[in-house]
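Asker: Whatever this is, show me its structure:
(3 chains)
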Amino acid sequence: MLDNDSLTKRYTEIKRKLFDKAYGHLNSKQREAVFTVNGPLLVLAGAGSGKTTVLVNRIEYMLRYGNTYFSEKIPLDIDEEKISELEKAQSLSPQEIKSVLDGVKTSVIKPYNVLSLTFTNKAAGEMKERLVKALGSDGAEGLWAGTFHSVCLRILRRFTEQTGYSEGFTIYDTDDQKKLMLSVIKDAGADEKMFTPRAAIDFVSACKNELISPDEAKQKAAEFREEKLASFYKEYQKRLKTANAMDFDDIIVRTVELIGKNEEIRDYLQGKFRYICVDEYQDTNHAQFVLVTLLAEKYGNLMVVGDDDQSIYGFRGADIKNILSFDKSMEGAKVVKLEQNYRSTSSILDCANAIIKNNTGRHDKKLWTENGEGEKISLKLLGNQSEEADYIAGKIMELREKENRKLSDFAVLYRINALSNTLEGAFARRGIPYRVLGGQRFYERKEIKDILAYLCVINNPQDNIRLMRIINEPKRKIGDATVDAVKTLAEHYGKSMFEIMENAEQYTAISKSAAKLKDFTRMILGLREIASGDTVDVLIDKVLDFSGYRAMIEALDREDGRNRVENIGELISNAVLFMQSREEATLSDFLEEVTLVADIDNYDPDAEAVVLMTVHSAKGLEFPVVFLPAMEDDIFPSGKSVYSSEEMEEERRLAYVAVTRAKEKLFITHVRERLLYGKTSYYRMSQFVKEIPDELLSESKNGEQQRKFPAGAFGAVRHPSKPKAEISGEFSIGASLAQKTVSGAERFSAGDRVQHGVFGSGTVLTVTPAGSDAVYEIAFDNAGMKKMMANYAKLKRI
DNA sequence: GCAAGCCCAGATAGT
DNA sequence: CTGGGCTTGC
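Answerer: Numbering: from 1, shown residues only, chains lettered A, B, ... in the order given. Have a look, this model is predicted:
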């Protein structure tokens, strides 16, 4: 007996030593998080503390060794000899130790028992990639990794029947939501001044995030306004259902509902997802909290990672309490704090700490680093937004020259998308390749939305909102009166507009237009046939022909028309790439991708271009050199937040996120006057910048004395934009390696400078082969990023 | 039913 | 400054 006990003890000891060595690239806290597989676990991960590394290593460890580290089991064949073998293994390399451990592990977890919820699809993709690298191609087979929305949608698609929706249901984006809500408000005869669609949608969204049903909202309503909003909510929901559509929030809510009320499905999913990991937990809302706790109910193996200081999605319903009280709501939760920062210089870290310490109600933690002090933070005051943009562009040129930096080293992060314009202009003038993420997204352009609306109606003819968008686009002589009549009939008979239109001659109100309406439905049904047999890119091509859309845009004046043709070309390129990336991609999959995939998911950190994005988008990313323009009160913090201390704290967390993106250099700029939304105003330095101690700055902020001048002192000074001297010519990336193809069209490689008929000059950023064709991603000097097919692009080398 | 033109509100962040 | 909604005159 005694003997056995001591054997167990020696085995356990050496086993843990070996695991510590095998995962020696992690610090002890990180390892603790990695090896803690069972039970609830909260990992408080400060900025740059290796959170992603922990997540990936933890899943890799789970799949490979189960719970071996903390397990009290010992392998059956363990004996003196085996133990001395293990002792000798200590001197081996981590990789070799891992193989040795394979021989003594006492458990293993199957990938299909693991659910990993990440904040972006990109993070999920990278996680899978790294797991495949570590465990081989089928080592992660069956593991679910994705965003809350994509994972829930996957569940909803699988169990569509039990949700009350029907096959092919569609997702309404913010725009569609507004349209639908507007019609609800109008039909209710409510005062449109008092109830804007936006406010009603916000109300609905807030309810959904808290899992409040329309009826509950009505009961809770304390006064007239809330009662009204609740009734809009009810009607809105009803119409969504008729259109076989869900909004973004529904994706989560309907999943919670499904799991909550269907015992069989709940059992199945709880049994399946025995191990659940949630990244960016500080940005989950109540509905998401309920979802994960429900899924984890049976096994209790719920791991959440996050940083309360980086909670920046309050406006979307994120509830910081989820992370602040995880250890209280989950009994027996273990808490691991990661406080060593591996990303930034101590100057940058001190700067971030100086800002965030002004917030109250945080989890107590102190971030530290072994990285050197590095350079001081640069703070610069400029006259106006053009000077600011020129300053940033100039700095980038300078650092490229002096420090031999790559363009991908630089990021410009701002509070609001509206600030990107001036910056783009400055980069374009100097021929600096750049890419803008977010903002007016590609999929929000009119012609793109139109084509997608066709695809939606083809996929789901009940989709009334999309149907109304395209029914007379291009013009088919179907006017508002007819559309209204169809809509009314549909509501009256509880049918979709499409169904009414199919039988138009049976209704006197629309019988005069019956022929036109039926032409339309026939066209859609015809396209449905094509959709069932052909790929999406082919389908789009047919849509353009059959609908007359192509003819319509080709008839437009040249510049406008060509631009739209090009944009649609880009949509087709995206469809080609998408079909290629999936084995069996359906139209439904494509539409889902288009609505759920964020700009940031396509961000390639190695592409040779400066990147411009909002601070929100930059969450989780890091860059050697970061510029923070427009650090001014009213912009950052937003003027809309000043009246609420909670919102101010969120702004400050956002500032913290902004600063902690930087690894080596941080440039903060602000201006005296700024042209924004069509009017020029005077701005003062951001209060957050004032919170940075002078000794961290390369230039004293007191030196600027800006507050002492009356605003007018700088008035009326025009700052003409800098001469457009340096034009692209001097600028090139690497050597050009042109390849000729058999087809005769010259092929280009990344880095080549090219000329395009519509967009002018640009730089090829990436080349993705696609069958006999290829997709170019090109940064145009004056037209931004475009994707185009090599065989059709008509590019000239310059 | 349609196109042109006027008017006015709205412009934080994003799945 | 922009885009969408509305009016107006055909």
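Asker: got a list of what the residue in the stretch 51-200 of chain A positioned nearest to DNA strand C touches?
Answerer: Of all residues in the stretch 51-200 of chain A, the one sitting closest to DNA strand C is A:Leu182 (6.3 Å; C-beta to the nearest atom of the strand). In this view, the C-beta of every residue, glycine as well, is placed from N, C-alpha and C. Going by C-beta atoms under 8 Å, 6 or more residues apart in numbering, A:Leu182 touches A:Pro197.
Asker: so where does it fall, helix or strand?
Answerer: Under the criterion DSSP states H and E, the helix or strand holding A:Leu182 is helix A:174-187.
Asker: Neighbours of A:Val615, how many?
Answerer: Look at A:Val615: counted by other C-beta atoms under 10 Å, it has 20 neighbours.
Asker: correct me, but A:Val412 touches A:Val610?
Answerer: Yes. Judged on C-beta atoms under 8 Å, A:Val412 makes contact with A:Val610 at a distance of 6.8 Å.
Asker: circling back to that earlier point, distance between the helix holding A:Leu182 and the chain's centre?
Answerer: 25 Å (C-alpha atoms, centre = their mean, to the nearest Å).
Asker: buried sites along the following helix or strand past that helix?
Answerer: Later in the chain than helix A:174-187, the nearest helix or strand by DSSP H and E is helix A:197-209. Residues A:197, A:200-201, A:203-205, A:207-209 are the ones in helix A:197-209 that count as buried (16 or more other C-beta atoms under 10 Å).
Asker: lowest average confidence, helix or strand, in chain A?
Answerer: Sorting the helices and strands of chain A by mean pLDDT, DSSP states H and E puts strand A:739-740 at the bottom, at a mean of 26.
Asker: Give the next helix or strand downstream of that strand.
Answerer: Sequence order places strand A:746-747 as the next helix or strand after strand A:739-740, per DSSP H and E.
Asker: Do a quick rundown of the strands in the stretch 401-550 of chain A.
Answerer: Ranges of strands in the stretch 401-550 of chain A, per DSSP state E, counting those that start in this stretch, are A:410-414, A:434-436.
Asker: Using JSON lines, please lay out those together with mean neighbour count, distance to A:Ser681 and mean pLDDT.
Answerer: Formatted as JSON lines, the strands of the stretch 401-550 of chain A follow (neighbours: other C-beta atoms under 10 Å; distance: least, C-beta to C-beta, whole Å; pLDDT from 0 to 100):
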{"stretch": "strand A:410-414", "mean neighbour count": "24", "distance to A:Ser681": "17", "mean pLDDT": "97"}
{"stretch": "strand A:434-436", "mean neighbour count": "23", "distance to A:Ser681": "24", "mean pLDDT": "90"}
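Asker: any chance of those in JSON lines, plus distance to DNA strand C?
Answerer: Compiled in JSON lines, these are given as follows (distance: least, C-beta to the nearest atom of the strand, whole Å):
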{"stretch": "strand A:410-414", "distance to DNA strand C": "18"}
{"stretch": "strand A:434-436", "distance to DNA strand C": "15"}
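Asker: So for A:Glu649, which of those sits nearest?
Answerer: With C-beta to C-beta, the closest approach to A:Glu649 among the strands of the stretch 401-550 of chain A belongs to strand A:410-414: 19.6 Å.
Asker: That closest one pairs with which strands?
Answerer: Using DSSP bridges, strand A:410-414 pairs in its sheet with strand A:610-614 (parallel), strand A:623-628 (parallel).
Asker: Least confident of these, on average?
Answerer: For the strands paired with strand A:410-414, mean pLDDT drops lowest on strand A:610-614, to a mean of 94.
Asker: Next up, the contacts around the residue of the stretch 651-798 of chain A found nearest DNA strand B.
Answerer: Nearest residue of the stretch 651-798 of chain A to DNA strand B: A:Tyr677, at 3.2 Å (C-beta to the nearest atom of the strand). If a contact means C-beta under 8 Å, 6+ apart, then A:Tyr677 has A:Ala418 as its contacts.
Asker: repeat for the one 4 residues further on
Answerer: By C-beta under 8 Å, 6+ apart, A:Ser681 lies in contact with A:634, A:673-674.
Asker: repeat for A:Ile212
Answerer: Shown in contact with A:Ile212 (C-beta under 8 Å, 6+ apart): A:Lys220.
Asker: got the phi/psi numbers for it?
Answerer: The phi and psi values for A:Ile212, taken as degrees, to the nearest 10, are phi -100, psi 120.
Asker: can you list the residues of the stretch 401-550 of chain A near DNA strand B?
Answerer: A:415-418, A:438-439, A:472, A:475-482, A:513 (C-beta under 7 Å from any atom of the strand).
Asker: out of the residues you listed, which are buried?
Answerer: The buried subset of those (16+ other C-beta under 10 Å) comprises A:415, A:417, A:438-439, A:472, A:476, A:478, A:482, A:513.
Asker: just those now: which is nearest A:Phe546?
Answerer: Among those, A:Arg476 lies closest to A:Phe546 (C-beta to C-beta), at 12.1 Å.
Asker: burial count for the nearest residue to that closest one once chain neighbours are set aside?
Answerer: Once flanking residues are discounted, A:Arg476 sits nearest to A:Lys516: 5.9 Å by C-beta to C-beta, 6 or more residues apart in numbering. By other C-beta under 10 Å, the residues close to A:Lys516 number 18.
Asker: circling back: now distance to DNA strand C too, for the contacts of A:Ser681, in a markdown table please.
Answerer: Converted to a markdown table, those look like this (distance: C-beta to the nearest atom of the strand, whole Å):
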| residue | distance to DNA strand C |
| --- | --- |
| A:Asp634 | 17 |
| A:Glu673 | 15 |
| A:Arg674 | 13 |
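Asker: would you list those in a markdown table and tack on pLDDT, secondary structure and neighbour count?
Answerer: Formatted as a markdown table, the contacts of A:Ser681 follow (pLDDT from 0 to 100; DSSP: H, G, I helix; E, B strand; the rest coil; neighbours: other C-beta atoms under 10 Å):
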| residue | pLDDT | secondary structure | neighbour count |
| --- | --- | --- | --- |
| A:Asp634 | 93 | strand | 19 |
| A:Glu673 | 93 | strand | 19 |
| A:Arg674 | 94 | strand | 25 |
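Asker: Do I have it right that A:Gly569 meets A:Lys794?
Answerer: No. Contact between A:Gly569 and A:Lys794 fails when scored by C-beta under 8 Å: they sit 10.8 Å apart.
Asker: Among these two, which residue is more densely surrounded?
Answerer: Neighbour count, other C-beta under 10 Å: between A:Gly569 and A:Lys794, A:Gly569 has more, with 17 against 12.
Asker: related to what we said a few turns ago, got the contact list for the residue nearest to A:Arg476?
Answerer: For A:Lys516, the contacting residues are A:476-478, A:482, by C-beta under 8 Å, 6+ apart.
Asker: do you know how far it is from A:Ala509?
Answerer: 14 Å (C-beta to C-beta, to the nearest Å).
Asker: got it, and A:Asp484?
Answerer: Per C-beta to C-beta, A:Asp484 is found 9 Å from A:Ala509.
Asker: out of the two, which sits in the more crowded spot?
Answerer: Neighbours were counted for A:Asp484 and for A:Ala509 using other C-beta under 10 Å; A:Ala509 has more, 16 against 13.
Asker: For the closest residue to that one other than its chain neighbours, grab the count of nearby residues.
Answerer: Nearest residue to A:Ala509, sequence neighbours excluded (C-beta to C-beta, 6+ apart): A:Ala485, at 4.4 Å. Look at A:Ala485: counted by other C-beta under 10 Å, it has 18 neighbours.
Asker: so A:Ala485 touches A:Ile510, yeah?
Answerer: Yes. Under the contact definition of C-beta under 8 Å, A:Ala485 touches A:Ile510, with a separation of 4.9 Å.
Asker: show me where pLDDT drops low in the stretch 401-550 of chain A?
Answerer: Within the stretch 401-550 of chain A, no range satisfies pLDDT under 70.
Asker: Pick out the residue in the stretch 301-450 of chain A sitting closest to DNA strand C.
Answerer: Using C-beta to the nearest atom of the strand, the single residue of the stretch 301-450 of chain A nearest to DNA strand C is A:Lys446, 6.6 Å away.
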